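Enquirer: Okay, predicted coordinates and the sequence, questions at the end:
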Amino acid sequence: MVQTSNSQLAILGGQSVRSTLLPYGRQWIDEADIETVIQTLKSPFLTQGPKIKEFEDSVAQYVGAKYAVSFSNGTAALHGACFAAGLGVGDEVITTPMTFAASANCVRYCGGDVVFADIEPDTYNIDKYKIKSLLTPKTKAIIPVDFTGQPADMDEIMELARERKLVVIEDAAHSLGAEYKGRKVGSIADMTMFSFHPVKHVTTGEGGIITTNSPDLYEKLLLFRSHGITRDKDLLELKNEGDWYYEMHELGFNYRMTDIQAALGSSQLGKLDDFVKRRMEIAKHYTEAFTKNSTIITPFQKPDRESSWHLYIIQFKLNELTAGRKEVFDALRKENIGVNVHYLPVHYHPYYKELGYEKGIAPIAEALYEGIISLPLFPAMLDSDIQDVVNAVEKVVGYYRKS
C-alpha cells in the first residue's frame, strides 16, 4: 500500500504518531503523597507502625468490609488467602486461565491443584457454568478474577460455593473501586484481594491486601503474614510470661507491608474515586472511537456492574486484516504507543505444561489471546494522549485492513 510520509507506518520508515513512548500504565504521585511519605520517614516507625492499621481500616471502610489485612504484594496476599482457606495437598481450586500467573500460583504454593475454567466470550471473565461443570469432591475453593476491572458473576459464584461449602477468594487486583449490583467489590466474597502495584488504581509501590467479613479468616491472615507468630495472650499456650513473650503457631511468612508503603497508600486512597472517574472517561472515549471500526471488538460491559477499568482491551478481527496480532503490536509500539497483552493463558507457561496442562482446555480464552491488545489507560493521561492512541490504532489497522 502506497502512503504519504505522514500516514506511512513508523515501522516501515514513516513518522511516528508520538515522539515519546506512552506507557500502558503508570502511577500518579503528587506532592501530598510525597509529603505523607516524608513525614512517615521522620517518624519512629518505618515497618509495622500505626500507618498499617490506618491504611487497612481505610480500605475496609471504603469497600464495606469488616476487616482488612495488608501484605507486601498482591501475590503474597493471595498466598495468605489460600492458607486461611485451609488449602492443602490434593485440594482443587477452580480459576480462570485469562489472568496473571499469581491467581493460580497461590494454589500451588499450598500444594493444591489448579483447575482452569474457560471464560465468557463477551466479558472475558470466568464462566460460571464452566465452574459448575468442573466441580468434584476435591474442589475446595474458587478464585474468580475481575478481569480488566469488571466484576465477575459473584452472586451466582457465591451461591454455588455455599451449596458446596467452598471458599471464594475474589482476585480483584483489577477492580478496586468497581461496583457489583450497587455494592463495592471487596465485601462480597469470603476474601477479596486488591493489588497496589504502580499500574493499579492506587499504589503503595508494591503491596496487596485481603478484605473479609470473617473474624476467623482475619486472624489466620494476620498470623500467616507475620511468620505465624502471635503475641495475643488469648492464643498463647503459656499465658503468664512477660510482655516479651511470643509463640509461633504456624509456619508463616514475612509478608508484611511497611509503614512507608501504608502511608503512601492512605494518601492515594483519598484520590481513588477521582482516579476511577478518569479511567471511565478514557474508556468511554476509546469505545466511542473504536465502535465505528469494523475490525475492532470493544469491551462488553454488563449493565448491573461498573468496571473500574484497570485495562482497556481491544480484540482484532484478524480475518479482516493482512497481519497477525504480533505485526499490529510491533507497529503500534513503533508509533510510541506502549501497548501490551494481558494475558498469556496461564496453562501456556512451561511450568504448567510440565504439570500436564495442555492447549485446548480453554478454547475461548485461547482464541481470545490470539487477537487482543491492551491500550494505554491511566488517570494522568491527557486528552491529547488519548487521541494519540486512537490515531495510532486507526493508522495501523487502516494499513493492515483488507481492501
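Expert: Arrived safely.
Enquirer: Let me see the ranges of the strands in the stretch 1-150 of the chain.
Expert: The residue ranges that make up the strands of the stretch 1-150 of the chain, judged by DSSP state E, counting those that start in this stretch, are 67-71, 92-95, 113-116, 139-143.
Enquirer: For the third one, which helices and strands make contact with it?
Expert: It stands for strand 113-116. strand 92-95, helix 102-109 (3 or more CB pairs under 8 Å, 6 or more residues apart in numbering; DSSP states H and E). To be clear about C-beta, it is placed using only N, CA and C from the backbone, and glycine gets the same treatment.
Enquirer: Could you rerun that using 6 Å?
Expert: Contacts defined by 3 or more CB pairs under 6 Å, 6 or more residues apart in numbering; DSSP states H and E place strand 113-116 against strand 92-95.
Enquirer: ok, residues contacting the strand it packs on?
Expert: Taking contacts as CB atoms under 6 Å, 6 or more residues apart in numbering, the residues outside strand 92-95 that touch it are 103-104, 107, 112-113, 115, 117, 131, 134, 138-139, 141-143.
Enquirer: Just the buried residues of those residues.
Expert: Of the members of these, the ones counted as buried by neighbours, 16 or more other CB atoms under 10 Å, are 103-104, 107, 112-113, 115, 117, 131, 139, 141-143.
Enquirer: For stretch 125-137, buried residues please.
Expert: Along stretch 125-137, these residues count as buried under the neighbour rule (16+ other CB under 10 Å): 125-128, 130-131, 135.
Enquirer: tell me which of those is nearest to G182?
Expert: Nearest to G182, judged by CB to CB, of the buried residues of stretch 125-137 is N125 at 18.6 Å.
Enquirer: Wait, that closest one touches F147, no?
Expert: Yes: with contacts defined as CB atoms under 6 Å, N125 counts as touching F147 at a distance of 5.2 Å.
Enquirer: What about E163, how many residues nearby?
Expert: Applying other CB atoms under 10 Å, we find 10 residues neighbouring E163.
Enquirer: Ramachandran coordinates for it?
Expert: Main-chain dihedrals, E163, degrees, to the nearest 10: phi -60, psi -40.
Enquirer: pLDDT value on it, please?
Expert: The predicted structure scores E163 at 97 on the pLDDT scale.
Enquirer: Would you map the helices across the stretch 51-200 of the chain?
Expert: Assigned helices in the stretch 51-200 of the chain, in chain order: 74-84, 102-109, 128-134, 154-164 (criterion: DSSP state H, counting those that start in this stretch).
Enquirer: quick one on the thing from earlier: mind putting the strands of the stretch 1-150 of the chain in TSV, mean pLDDT and distance to E35 included?
Expert: What follows is those, written out as TSV (pLDDT from 0 to 100; distance: least, CB to CB, whole Å):
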stretch	mean pLDDT	distance to E35
strand 67-71	98	21
strand 92-95	99	40
strand 113-116	98	43
strand 139-143	99	38
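Enquirer: Serialize those to CSV and add fields for distance to D153.
Expert: As requested, the strands of the stretch 1-150 of the chain are exported to CSV (distance: least, CB to CB, whole Å):
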stretch, distance to D153
strand 67-71, 24
strand 92-95, 13
strand 113-116, 17
strand 139-143, 11
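Enquirer: of those, which approaches M381 most closely?
Expert: Among the strands of the stretch 1-150 of the chain, the nearest to M381 by CB to CB is strand 67-71 (28.3 Å).
Enquirer: And the nearest residue to K271 once chain neighbours are set aside, how far from D216?
Expert: Taking CB to CB, 6 or more residues apart in numbering, and ignoring the residues beside it in sequence, K271 has V202 as its nearest neighbour in space, at 7.2 Å. With the distance defined as CB to CB, to the nearest Å, V202 ends up 28 Å from D216.
Enquirer: Repeat that for S70.
Expert: Using CB to CB, one gets 19 Å for the distance from S70 to D216.
Enquirer: Between those two, which is the more surrounded one?
Expert: S70 (29 against 9).
Enquirer: ok, the more buried one - contacts?
Expert: Neighbour list for S70: 52, 56, 209, 257 [criterion: CB under 6 Å, 6+ apart].
Enquirer: The second one: neighbour count?
Expert: Other residues near E56 number 21, with proximity taken as other CB under 10 Å.
Enquirer: And the pLDDT for it?
Expert: pLDDT for E56: 98.
Enquirer: give me the number of residues near the residue lying closest to A102 once chain neighbours are set aside?
Expert: Once its chain neighbours are removed from consideration, A102 has its nearest residue in T75; the separation is 4.2 Å (CB to CB, 6+ apart). Neighbouring residues of T75 were enumerated by other CB under 10 Å; the total is 23.
Enquirer: Next one, pLDDT for T75 please.
Expert: Per-residue pLDDT puts T75 at 98.
Enquirer: Surely G208 touches T75?
Expert: No: with contact defined as CB under 6 Å, G208 does not count as touching T75 (7.1 Å).
Enquirer: Using the record's assignment, carve the protein into domains.
Expert: Per automatic domain parsing, the domain ranges recorded for the chain read 31-269, 272-400.
Enquirer: what about these, which gets the closest to L12?
Expert: Set against L12 and scored by CB to CB, those come closest in domain 272-400, at 8.3 Å.
Enquirer: So I209, which state does it fall into?
Expert: Assigned state for I209: strand (three-state reduction, DSSP: H, G, I helix; E, B strand; the rest coil).
Enquirer: how deep is it tucked in, by neighbour count?
Expert: Neighbour count for I209, taken as other CB under 10 Å: 30.
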